[in-house]
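Novice: the following comprises the amino acid sequence and a computationally predicted model.
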Amino acid sequence: MDALQAMRTYVAVVDAGSFVGAMDATGLSKPAVSRQVADLEAALGGRLLQRTTRRLSMTDEGRTYYQRCKDILQAVEEANAEVAASTVQAHGRLRIGAPLTFGVIHLAPLWGRFAAENPQVTLDIVLSDRVVDLVEEGYDLVVRIGRPMDSNLISRELARSGMALCASPGYLARRGIPEHPHDLIRHDVISYSYSRFGDEWSFEGPQGKVIVHVNSRIHANNGDTCRVAALADQGVILQPDFLVHEDLRDGRLIKLLPDFRLHELSIQALYPTRKQLPLKVRKLIDFLVEALRDPPWSAEGARHGEP
């Protein structure tokens, strides 16, 4: 007996509600369907289905076995797809969404390499800091920064980024260097409008958590705008390392409050479903995971001299 084929046949019978209904799904004759289920029951030493002239119903054991079969068959499909992904070329249009700044700085340099490795894939890249609806707007995958808000989506972490509280030397020479988070109340602050923290900034310090309600002089819905304003001596910013790491390295911005720890951001690939994931999406996810394994804003990436 082919155990996997017998499982497929059993699942098809349950899904169709009859042996006759399972014929289309399996391509087998009714006697062959019935025989495979009977052989499976004999091998297991128990009855899976209660048969009457009017209907079929699962036994308690049959119900448990049905769900186990579904899980096993799905795992087999995924394993086959992973092997196929290494030998079959992806093709088709791939619609990708990403945040504006991260997309320009860190993703744009990658697309040429992905396109070269997947010549039959056409890329449609949309950059926006707005939270898009993957299904409604036809995205195959989006890159998001921070905690996903839709629990129905599948996520794969690509990288992490710390946050940096910083300001320019010119601003600090004029206004002084804050020594405690509460000092920020007296400083000009440049805030990112889409931050889930708003104007309440949270720090972990030697004495525990400190929350400060800052008075923002400038609000902007784009991280680059906040960064440029800070470089122009306009105030203090709280921005991801992936945006300001070069400014900090070269002294254009100065990191503040080193004794107070800030939260980290998760950079994730989100897609609608894991089941029967298109090869083009699987290829893209694996590519991004590898490309961002040692990101340039991390300490390790900086040691390797990455751009």
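Specialist: Alright, I've got the coordinates.
Novice: need phi/psi at Leu270.
Specialist: phi -120, psi 140 (degrees, to the nearest 10).
Novice: which strand or helix spans the closest residue in space to His106 that isn't next to it in sequence?
Specialist: Excluding the flanking residues, the one nearest His106 by CB to CB, 6 or more residues apart in numbering is Phe242, at 6.2 Å. C-beta: built from backbone N, CA, C; applies to glycine. Remark: Phe242 resides in helix 241-250, with elements defined by DSSP states H and E.
Novice: show me what the next helix or strand after that helix is packed against.
Specialist: Downstream of helix 241-250, the next assigned helix or strand under DSSP H and E is strand 254-255. Here strand 254-255 touches strand 163-167, going by 3 or more CB pairs under 8 Å, 6 or more residues apart in numbering; DSSP states H and E.
Novice: run through who's touching the strand it packs on.
Specialist: 187, 230, 235-241, 244-245, 247-248, 253-257, 260, 262-265 (CB atoms under 8 Å, 6 or more residues apart in numbering).
Novice: all helices of this protein, in order?
Specialist: Under the criterion DSSP state H, the chain contains helices at 3-16, 22-26, 30-44, 60-85, 100-102, 108-117, 169-175, 223-231, 241-250, 279-291, 299-303.
Novice: mean pLDDT for those helices: which is lowest?
Specialist: Note on these: lowest mean pLDDT is at helix 299-303, with a mean of 45.
Novice: about what we covered before: need the helices of the chain in CSV with distance to Arg147 and mean neighbour count, can you?
Specialist: As requested, the helices of the chain are exported to CSV (distance: least, CB to CB, whole Å; neighbours: other CB atoms under 10 Å):
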stretch, distance to Arg147, mean neighbour count
helix 3-16, 36, 19
helix 22-26, 40, 17
helix 30-44, 44, 16
helix 60-85, 26, 13
helix 100-102, 16, 20
helix 108-117, 24, 12
helix 169-175, 31, 14
helix 223-231, 18, 20
helix 241-250, 17, 18
helix 279-291, 19, 17
helix 299-303, 24, 12
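Novice: nearest residue to Trp111 other than its sequence neighbours?
Specialist: Leu123 (6.0 Å).
Novice: who does the one you found bridge with?
Specialist: The partner list for Leu123 in beta bridges (DSSP bridges) reads Leu94.
Novice: for it, what are its contacts?
Specialist: Counting by CB under 8 Å, 6+ apart, Leu123 makes contact with 94, 96, 111, 114-115.
Novice: can I get stretch 42-60 as PDB, trimmed to CA atoms?
Specialist: Output of stretch 42-60 as PDB, limited to C-alpha atoms (Å, rounded to 0.1, in the frame of the first residue of the first chain):
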ATOM      1  CA  ALA A  42      -6.900  -2.500   7.900                       C
ATOM      2  CA  ALA A  43      -3.300  -1.200   8.200                       C
ATOM      3  CA  LEU A  44      -4.300   1.100  11.100                       C
ATOM      4  CA  GLY A  45      -6.400  -1.600  12.800                       C
ATOM      5  CA  GLY A  46      -9.400   0.700  13.300                       C
ATOM      6  CA  ARG A  47     -12.400   2.200  11.500                       C
ATOM      7  CA  LEU A  48     -12.000   5.800  10.100                       C
ATOM      8  CA  LEU A  49     -15.500   6.100   8.500                       C
ATOM      9  CA  GLN A  50     -19.000   5.100   9.400                       C
ATOM     10  CA  ARG A  51     -20.800   4.000   6.300                       C
ATOM     11  CA  THR A  52     -24.500   3.900   5.800                       C
ATOM     12  CA  THR A  53     -26.600   3.800   2.600                       C
ATOM     13  CA  ARG A  54     -27.300   7.600   3.000                       C
ATOM     14  CA  ARG A  55     -24.100   9.100   4.200                       C
ATOM     15  CA  LEU A  56     -20.500   8.800   5.400                       C
ATOM     16  CA  SER A  57     -19.300  10.200   8.800                       C
ATOM     17  CA  MET A  58     -16.000  10.100  10.500                       C
ATOM     18  CA  THR A  59     -15.300   8.300  13.700                       C
ATOM     19  CA  ASP A  60     -13.500  10.100  16.500                       C
END
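Novice: buried ones in that stretch?
Specialist: Residues of stretch 42-60 classed as buried under the neighbour-count rule (16 or more other CB atoms under 10 Å) are 48-49, 56, 58.
Novice: and the residue lying farthest from the centre of the chain, how far is that from Thr64?
Specialist: Within the chain, Thr53 marks the point farthest from the mean C-alpha position, 50.0 Å out by CA atoms, centre = their mean. Using CB to CB, to the nearest Å, Thr53 is found at 26 Å from Thr64.
Novice: what of Glu204?
Specialist: 47 Å.
Novice: what about Val104, how many residues nearby?
Specialist: Residues near Val104, counting by other CB atoms under 10 Å, number 13.
Novice: which ones are touching the nearest residue to Thr101 once chain neighbours are set aside?
Specialist: Nearest residue to Thr101, sequence neighbours excluded (CB to CB, 6+ apart): Gly223, at 4.5 Å. Taking CB under 8 Å, 6+ apart as the criterion, Gly223 is in contact with 100-101, 192, 239-240, 243.
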